[in-house]
Structures are given as structure tokens and as C-alpha cells.
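1. Sequence first, predicted coordinates after that:
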Amino acid sequence: MSTGGGEARGADPTAADGLRRSGAALRRLRAERIGVRLAGRRIEFVDWGFYAPEPWRNFPHVHSCYELCYTYAGHGTFRVGGTERPVGPGELFLARPGDVHDIVADDEDPMGIVYWSWAVLQDGGTGNTTADAAALMEAFTTGENRIAEAADSPVPQILLLLAREAADPGPGSAEMIGSLASTLVVASARALSEPPSRLPARQAPATPGGPTVTTMVRYLHDNYHRPVRIQEVAAQVHLSERHAARLFRKYAGCTVHAYLARCRLEAAAQLLCDPGHRDTPIGAIARSCGYLDRRHFSESFQRHWGVSPADLRARGGTTHLAVSSVINSSCK
């Protein structure tokens, strides 16, 4: 096992020491329902955790959410997508939805991490979100980066402030935690996007179909929770149904119906994994995502995700895999 962390310069000593002493308090945030609206998305925090710098490991598994880990001490190995990567102090690493991954702390210099995870849901309006924030979140959700140097970023200090607030809440604690969580989203996205903190201005689509399809896609994200007809989508861009459907398929790569179904099933999966909706009946979640028939919803969900809605909820959005099956599949 590697004991090196690549080019990592090491964690901020002040933040590292603080997280070593106070980081376990982040677990208390599991009881809070923390959500952030940014760039037409709602980021719902799903979990918070802490591992002390002592020998430990977890086994191959996947999440339906984004899981981020910050190494405040020691070294270890992050395996993701069949690739083994060393991680060290000051590094931030990410498992995206669907990534088969596991983490192993080094035996001689075991790493300590804090981790948190969030689900990304489509949200109606963009509010006061700026174009560069929208570009940043687009880069984060569609990018390929899994590991980044974050010691010099705001991430460790934000985590430390969150841990201290969780340990000793003061007046306006909910607002304080919400503001820090929002800043953590942006700081994490910056660290893991290319380039780390500066993104070029988003260019207008070069094709005439681009803006038109963007309008149709936005309409689907805004209205997936109710019945949507192709006539309505076409009316948003002042085209005939046939022309709108042909243009959408050409530029989006799928039919309007298929895209709408995907939006609904992704939203349903996130709600099923949301601790705040643990007691919400599956039928109610189905209806909130545009499905009037629970049987049709369950069948569609099973086809799309490979598990039933009840099964996904019972697993908390995590599927634990046998190590042997992962090894065998990676050798094929």
C-alpha cells in the first residue's frame, strides 16, 4: 500500500489540529436538514462523518449522491472506477453517484478524514445565481476530477467552523450552518473543477438549436412533478410538436418523453434517500415526481436503477458489494 500522497503539500496545521479534536462533532449535523439552492439546483446534504487517524477501511460500495472526503491527517488509498489512487494530508477526494469505490487507511500512517455527502436535485428558478456560479456547478456535476489539493482552499476552515457550531450551537445556529454549508458547496466545487478556482465564461451555443432545446429542457425540469404533454413543451419555443420533438432528439440525444422520465426517476431516488422523507409513503413520492400510478412508477424505477424504490430506501442509497465480485468484474 502506498504511503505517499502525490504532490499534496500537507493539510493546514491549524485546521488539521482543530479537525482532529473537533471533527467528530460533524456527525451531529446528520440530525439537521440542510439544503442549499444554487444555479437551478437544490443541494440536499445527506450525511456527515468523521474517522480518526487509526487503521480502518471500508469495502466497495456505491452511492446515489456525491460523497466528498477531506484528509486532515495521514495517508491512505482511494480506489474508484478500477483505479487505485494514493491520498494524503490536505487532499479532497470525491465519489460521484454510481462510482464503485472504497477507502483504506495506511497501516503505518493511517489517515483521518471528515466526510459529507449531498444529493443534487433540479430546482425551479435560479434566484440570484450568477452565470459563473452556474458554470461552476455544471463543471462540478459533469467533470471527471476525483482528487484535488484543498489545503489552501477554504474547505478545511469551513469544515472546522461547521464542527465547532455543531458542537456548541449559538443563537441563529441554523442560519450559521446553512450559510457555511452553502459556502462549502462552492468551495468544494471550485477545488474539484478545472481549473480549480477560475472558469471561463460560458459560451453561447454555436448551433441554432442550442438555445431552443435549453428552453425545453428547463421547462421539463421545472414541471416534471406534473403531467407534461409535448404540446406544452413545443409551445414554450413556438414550434410545431413534430419540429420540437425532432429538434429535441437531435440536440439532447433522446426523446422528450425519455428525458422527462429520467428527471422524474432521478428526483424520486434522491427523495427516497433523503432522511427528511424517510416517513413519506412511496406512493406520495411517486405522485410528487409526476407518477399517478404507483405500479407504473415501481416498474419504471426498477428498470432505471436496478432496485425497487423500497429497496433503495432500505439501503439508504448505498449498495454494498462483495469484494470478490468487484475483483472479478474488473478483470473481465
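-> Cool, the structure landed. Everything quoted here is computed from the prediction, not taken from an experiment. Numbers count the residues shown, from 1 in each chain.

2. need the strands for the chain, in chain order.
-> Using DSSP state E, the strands of the chain run over 35-38, 41-51, 61-63, 66-73, 76-80, 83-87, 91-95, 101-105, 112-122, 147-149, 318-320.

3. of all those, which lies closest to residue 300?
-> strand 112-122 (17.7 Å; C-beta to C-beta). Using the backbone N, CA and C atoms, a C-beta is placed for each residue, glycine as well.

4. Residue 246 is nearest to which of the strands of the chain?
-> When the strands of the chain are compared by C-beta to C-beta, strand 112-122 sits nearest residue 246, at 24.4 Å.

5. Report the mean confidence score over the closest one.
-> The pLDDT scores in strand 112-122 average 90.

6. Does that strand pack against any helices or strands, and if so which?
-> helix 13-22, strand 41-51, strand 66-73, helix 256-273 (3 or more C-beta pairs under 8 Å, 6 or more residues apart in numbering; DSSP states H and E).

7. Tabulate the strands of the chain (CSV), appending mean neighbour count.
-> CSV is the format used below for the strands of the chain (neighbours: other C-beta atoms under 10 Å):
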stretch, mean neighbour count
strand 35-38, 18
strand 41-51, 21
strand 61-63, 19
strand 66-73, 25
strand 76-80, 22
strand 83-87, 17
strand 91-95, 25
strand 101-105, 21
strand 112-122, 22
strand 147-149, 20
strand 318-320, 15
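
8. who wins for proximity to residue 222 among the ones you listed?
-> strand 112-122 (8.1 Å).

9. mind listing what that closest one pairs with, with the direction of each?
-> strand 41-51 (antiparallel), strand 66-73 (antiparallel) (DSSP bridges).

10. relative orientation of it and strand 101-105 in degrees?
-> Here strand 112-122 points in a direction 160 degrees away from that of strand 101-105 (axes from the mean of the first three to the mean of the last three C-alpha atoms, to 10 degrees).

11. tally of neighbours for residue 135?
-> Around residue 135 there are 17 other residues, counting by other C-beta atoms under 10 Å.

12. in this protein, what spans have low per-residue confidence?
-> The chain contains residues with pLDDT under 70 at 1-12, 123-129, 194-209, 316-332.

13. possible to save the strands paired with strand 112-122 as JSON lines with distance to residue 264?
-> Formatted as JSON lines, the strands paired with strand 112-122 follow (distance: least, C-beta to C-beta, whole Å):
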{"stretch": "strand 41-51", "distance to residue 264": "15"}
{"stretch": "strand 66-73", "distance to residue 264": "20"}
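
14. in this structure, which spans are helices?
-> 13-22, 131-142, 155-167, 173-192, 209-223, 230-236, 241-252, 256-273, 282-288, 294-305, 309-315, 323-330 (DSSP state H).

15. what does the first one rub up against?
-> Right, the one you point to is helix 13-22. Here helix 13-22 makes contact (C-beta atoms under 8 Å, 6 or more residues apart in numbering) with 52-53, 70, 72-73, 89, 112, 114, 156-157, 159-160, 163-164, 167.

16. Kindly indicate which of these lies nearest residue 193.
-> The nearest member of the contacts of helix 13-22 to residue 193, counting by C-beta to C-beta, is residue 70 at 16.2 Å.

17. Just to check, that closest one is in contact with residue 159?
-> Yes - Residue 70 lies in contact with residue 159 (C-beta atoms under 8 Å); the separation is 6.2 Å.
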